[in-house]
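1. coords below, sequence missing:
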């Protein structure tokens, strides 16, 4: 008879209404600023630049090869090559970016820059708590604001970061002149070598 | 104070105040003293209803609803009001500016005027018209004009489509709305709303003489409430403002406080039709049991009003929107025949001797056509592949 489905629907919503007062597990939403959902490893927001060690300028992995700049579909990356060179993550003398800007008002979070980077220098961030008070300067992230440490990378993407570290260690071993030098020492010498030059 | 004194406190206060007013100013003072409370109480009820509706809908969807502004989010309407007051008022370049400006005002005006004949308590009515019910429906039809003014003057295809839908829907549902109310006129023999409320204020043992407790009254109440939902453009009959189809319908080109006025007008219309349903079927201001008559009459009116508002919110949180053909089919193929059957049933009730037999026969006269109509409705139409003559 007409109306039975109507009554069933009304009963269902009434059950939801009263149930949400009785059982906490019915409430699927989070009260956002106070509580946040756990970070999801596979999520991504905007790219950032990884650096090794403690000094973001010396440890920067980017060698300003500009592949990401050329591949970026919306063309939101702006790189200027440095005039001089510094040792990269593996220990080779390389250029570094004098200027590295990402306009995140243009960026579409496609991750293509990450996939094309041969130096594991650019990775995707997971931070979604982003806001800006100025729509021009605050949305154009410069080198300093883009740089985040390798430890932070380990924190947000542990699996991915571990495999990147293993690859880098293997590359360092290959590049090192003495086979006896351990991988951790290579990072140390690379850091100090950069500081000296 | 005796219960009667508490019940009549507003009436006696008004008479007391009128004693200080010179005779020349008395009509004006009387009008102001009666109208101002209505202009204060019902918009305040609107503010409370918006937050209750959002919280209720949230709970129905297993959310908390607004809970940021003030204790438990109950100051949310204040924040909403400040927001809509400070927003820019955009008028489209090609709009008919005068009509565009007048439409929300007319809507609110029409929604307010109907409160003139609504008894919100014993002896508490602004204007006791002999033809109060007729006045209510006549003024209530002004809403359609305001809606069409808004849709036409905006010079936007969405608002015009929304207005067309709204007017088509409101005119279609006005007929079952009035016909559902006709049974009460037949039973009460009066068009005056205070008289109709007075008629239902007696008791048999503890049970009230509300019309909703009779078969034709119950059917009339349900039909009236369905039509009232459609008249006030609320879900599931919110096609005129279906967000997924025509964004906001006839008030898409309104912003800032004019938009808020549309909202206010719509809610005031909903309260007014709910108030009319209470007066016609739920005994108006009378208590539900004879031993509760000591509670002031206006409290009963507002308690019933809140219950009906809760029912509106519940229905809104439950049903999906109807399709246009379902809406029209429902109005003309189900609502209209059922209201006509109901009118016959009320006549039958009047002429049969009272007793159990009358109750059974009158209930059967409602239930059997309902079952037949619902079987017709559920047979289901076979949709055939649509062929086009020119567009292939």
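-> Here it is on my side, so go on. Worth saying up front: this structure is predicted, and the values here are computed from it rather than measured.

2. Tell me how far the particular helix or strand that has residue A:98 in it lies from the chain's centre.
-> Per DSSP states H and E, residue A:98 falls inside strand A:93-103. Distance of strand A:93-103 from the chain centroid (Cα atoms, centre = their mean, to the nearest Å) equals 16 Å.

3. Buried ones in it, by neighbour count?
-> Residues of strand A:93-103 classed as buried: A:94, A:95, A:96, A:97, A:100, A:101, A:102 (neighbour count, 16 or more other Cβ atoms under 10 Å in any protein chain shown). From N, CA and C alone the C-beta is placed, and that goes for glycine too.

4. And for stretch B:90-97?
-> By 16+ other Cβ under 10 Å, the buried positions in stretch B:90-97 come out as B:91, B:92, B:95, B:96.

5. Show the average pLDDT along it.
-> Average pLDDT, stretch B:90-97: 87.

6. I would like the residues contacting it, please.
-> The contact list for stretch B:90-97 (Cβ atoms under 8 Å, 6 or more residues apart in numbering or on different chains) reads B:100, B:101, B:152, B:153, B:154, B:155, B:156, B:253, B:255, B:256.

7. Name the nearest of those residues relative to chain A.
-> Nearest to chain A, judged by Cβ to the nearest Cβ, of those is residue B:255 at 22.0 Å.

8. Please enumerate residues in contact with the very next helix or strand once past the strand holding residue A:98?
-> Using DSSP H and E, the helix or strand that follows strand A:93-103 in sequence is helix A:112-116. By Cβ under 8 Å, 6+ apart, the residues outside helix A:112-116 that reach it are A:47, A:67, A:68, A:71, A:72, A:73, A:77, A:122, A:123, A:124.

9. what does the stretch 201-350 of chain B put close to chain A?
-> Residues of the stretch 201-350 of chain B lying near chain A by Cβ under 8 Å from any Cβ of the partner chain: B:314, B:315, B:317, B:318, B:319, B:334.

10. Does the first one touch residue A:12 like I think?
-> So the one you mean is residue B:314. No: at 11.1 Å, residue B:314 does not count as touching residue A:12 under the criterion of Cβ atoms under 8 Å.

11. If you count surrounding residues, which of the two has more?
-> Legend: neighbour count by other Cβ atoms under 10 Å in any protein chain shown for residue B:314 and residue A:12, higher for residue B:314 (17 against 12).

12. From residue A:38, how far off is that one?
-> Between residue B:314 and residue A:38 the distance is 35 Å, computed by Cβ to Cβ, to the nearest Å.

13. Now do the same contact list for residue B:129.
-> B:116, B:117, B:135, B:192.

14. at 6 Å what do you get?
-> B:117, B:135 (Cβ atoms under 6 Å, 6 or more residues apart in numbering or on different chains).

15. What residues of the helix or strand hosting residue B:107 count as buried?
-> In this assignment (DSSP H and E), residue B:107 forms part of helix B:97-113. By neighbour count, and taking 16+ other Cβ under 10 Å as the criterion, the buried residues in helix B:97-113 are B:100, B:102, B:103, B:104, B:106, B:107, B:108, B:110, B:111, B:112, B:113.

16. Same check on stretch B:135-144?
-> Under 16+ other Cβ under 10 Å, the buried positions of stretch B:135-144 are B:135, B:136, B:139, B:140, B:142, B:143, B:144.

17. ok, the fourth one to chain A distance?
-> Separation of residue B:140 from chain A (Cβ to the nearest Cβ, to the nearest Å) stands at 26 Å.

18. tell me which residues of stretch A:142-153 are tucked away?
-> In stretch A:142-153, the ones that count as buried by 16+ other Cβ under 10 Å are A:143, A:146, A:147, A:148, A:149, A:150, A:152, A:153.

19. Which of the residues you listed fall within helices?
-> Using DSSP state H, the members of the buried residues of stretch A:142-153 that fall in helices are A:143, A:146, A:150, A:152, A:153.

20. Roughly how far does the closest residue to the first one other than its chain neighbours sit from residue A:62?
-> Excluding the flanking residues, the one nearest residue A:143 by Cβ to Cβ, 6 or more residues apart in numbering or on different chains is residue A:100, at 4.4 Å. Remark: distance between residue A:100 and residue A:62 (Cβ to Cβ) = 7 Å.
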